[in-house]
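Chemist: Got a sequence here, can you model it:
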Amino acid sequence: MEVVWNDVGNGSTVFPNVTTISPNVTTISPDCDTSPAFVGYIAAAVAVLCYGTNFAPVKKFETGDGMFFQWIVCSAILLSGMVLQIVRQSTFYPIVMVGGVLWETGNIMVVPIIKTIGLGLGLCIWGMVNLLSGWATGRFGLFGITKEIPDNPTMNYVGVAVAVSSAVVFSFVKSTIQPPSDSDTTEQDEDSDALVSSTFGNPNDSLYSTTSGQEDLLFNRPAKSINGLRHDSTDGTLLDRLSPNMKRLVGIVLSVISGALYGQIFTPTLYVQSNSQSYPSASKNGLDYVFACFCGIYLSSTVYFCIYALVRRNKPRVYPRVIVPGIISGIMWAAATASWFVANKILSEPVAFPIITTLPSVVASILGIFVFKEIRGRRNILILLVGFCMAGSGAVLAGFSKHGKQCHH
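Modeler: Residues are numbered from 1 along each chain as shown. Predicted structure coming up:
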């Protein structure tokens, strides 16, 4: 495995300080992938399916405050990346790790977001910002990457607008969530509190949560389940002591930041692929950057978990029964993200982002109706049908706006 730390030969700085890079330095367009378009659509379909189902394995298990669970998931993500690296033998660009760090930093904000404004509203905000962040980066060539202009920009704009609107519609779905039974939690650590029965950090979880306006009660009442969250302790935190208005402000700000960071997971990869003068041997296959990105996710996750353990005075909330389900979820998430790398490369970000950030909600809602029996009632079904139509329409419009091959050498 070849490691390239800094191959800049023209005096330019590398991401994220890209302000000194001329927008015309690209000599090989990232559109030059030779794979047929249908491969990109297949990769997008795999990503949609895996993102929509990857947290189903942990649905019946407590995930606590999410810190231990997210570390297990990130460990499985790294293992998946290692397998792919053994197969691909790709060049390792450390700059690509920045994308993983940005994603994990956004992911770690989910818990305080849930505690301040609830999962439903938080998901709606960070989901929309995630879509817009990733789409705009590719469409307008932000951060030194090459612009990816669809054949039909108007159709692409409409598709993005409809996809964003579908996230708002899905946030109005109210579900009935059954917390894990006592038998599911008897083996947990005695010091564990702030038990969370929802699936942590999944961009589709709004369909398993409610928007009943009870968010301000989170973690302030013993042994209650609110918005799919269960808390067995009256321990207070800094967030708990904030006024309702301040909680809402903090939650909204964190949701915007989280979504913006989520949307930048692929930017360092596209930067490497776009700047052939700095990285002359950079591969055009998105799979060759997956391992480096996953390394960034795992390392940052480990650092955050260590900080969390120190803050908890070496008493982190550990839930052993979530380990195997968490590993399965991590592998599924890794498969989805690797497929997204491929879809981005073949279809472009402006096309792939609206598809992959909206359609998993459709998959997740189908599980909520037919598998978990959490979404019931005529009102909810009607809302879902409207959301399905909007999400599907946005994805179709984005897909048909695909840009043509415009390779520049």
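Chemist: Looking at the residue nearest to Asn285 when sequence neighbours are not counted now. What's its pLDDT?
Modeler: Nearest residue to Asn285 in three dimensions, chain neighbours excluded: Lys345, at 6.9 Å (Cβ to Cβ, 6 or more residues apart in numbering). For glycine as for every other residue, the C-beta is placed from the backbone atoms N, C-alpha and C. Lys345 carries a pLDDT value of 86.
Chemist: A helix includes Lys345, no?
Modeler: Yes: counting by DSSP: H, G, I helix; E, B strand; the rest coil, Lys345 is found in a helix.
Chemist: That one reaches Ala282, doesn't it?
Modeler: No: between Lys345 and Ala282 there is no contact under Cβ atoms under 8 Å: 11.8 Å.
Chemist: Return the per-residue confidence for the residue nearest the centre of the chain.
Modeler: For the chain, the residue sitting closest to the mean C-alpha position, by Cα atoms, centre = their mean, is Tyr262 at 5.5 Å. If you check Tyr262, the pLDDT there is 91.
Chemist: any idea which helix or strand carries the residue lying closest to it once chain neighbours are set aside?
Modeler: Spatial nearest neighbour of Tyr262, excluding adjacent residues (Cβ to Cβ, 6+ apart): Asn130 at 4.1 Å. Secondary structure from DSSP states H and E places Asn130 in helix 119-140.
Chemist: ok so, going back, which one's more surrounded, Lys345 and Ala282?
Modeler: Ranked by neighbour count (other Cβ atoms under 10 Å), Lys345 and Ala282 place Lys345 first, with 29 against 22.
Chemist: Tell me how far stretch 283-298 lies from the chain's centre.
Modeler: 15 Å (Cα atoms, centre = their mean, to the nearest Å).
Chemist: for stretch 287-303, same thing?
Modeler: With Cα atoms, centre = their mean as the basis, stretch 287-303 stands 14 Å off its chain's centre.
Chemist: buried stuff in it?
Modeler: By neighbour count with 16 or more other Cβ atoms under 10 Å, stretch 287-303 contains the buried residues 287-301.
Chemist: what distance separates the host helix or strand of Val303 from the middle of the whole chain?
Modeler: Secondary-structure element containing Val303, defined by DSSP H and E: helix 290-311. Centroid separation between helix 290-311 and its chain, computed with Cα atoms, centre = their mean, is 15 Å.
Chemist: Next: stretch 282-292.
Modeler: For stretch 282-292, the distance from its own C-alpha centre to the chain's C-alpha centre is 19 Å (Cα atoms, centre = their mean).
Chemist: same question for that stretch, mean pLDDT?
Modeler: So the average pLDDT for stretch 282-292 ends up being 93.
Chemist: heads up, I number from 462, so please use that
Modeler: Okay, using 462 as the starting number, the last item reads as stretch 743-753.
Chemist: Could you work out the end-to-end span of it for me?
Modeler: Criterion Cα to Cα, to the nearest Å; first-to-last residue distance in stretch 743-753 is 13 Å.
Chemist: I'd like to check what contacts it. Which residues are they?
Modeler: For stretch 743-753, the external contacting residues (Cβ atoms under 8 Å, 6 or more residues apart in numbering) are 489, 491, 493-494, 542-543, 545-546, 549, 551-555, 557-558, 561, 730, 733-734, 736-737, 795, 798-799, 802-803, 805-806.
Chemist: Restricted to strands, list these.
Modeler: The members of those all map outside strands under DSSP state E.
Chemist: Buried among those? Need that as a selection in ChimeraX.
Modeler: Here is the ChimeraX command that picks out the buried ones among the contacts of stretch 743-753, judged by 16+ other Cβ under 10 Å:
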select :489,491,494,542,545,546,549,551,552,553,554,557,558,561,730,733,734,736,737,795,798,799,802,803,805,806
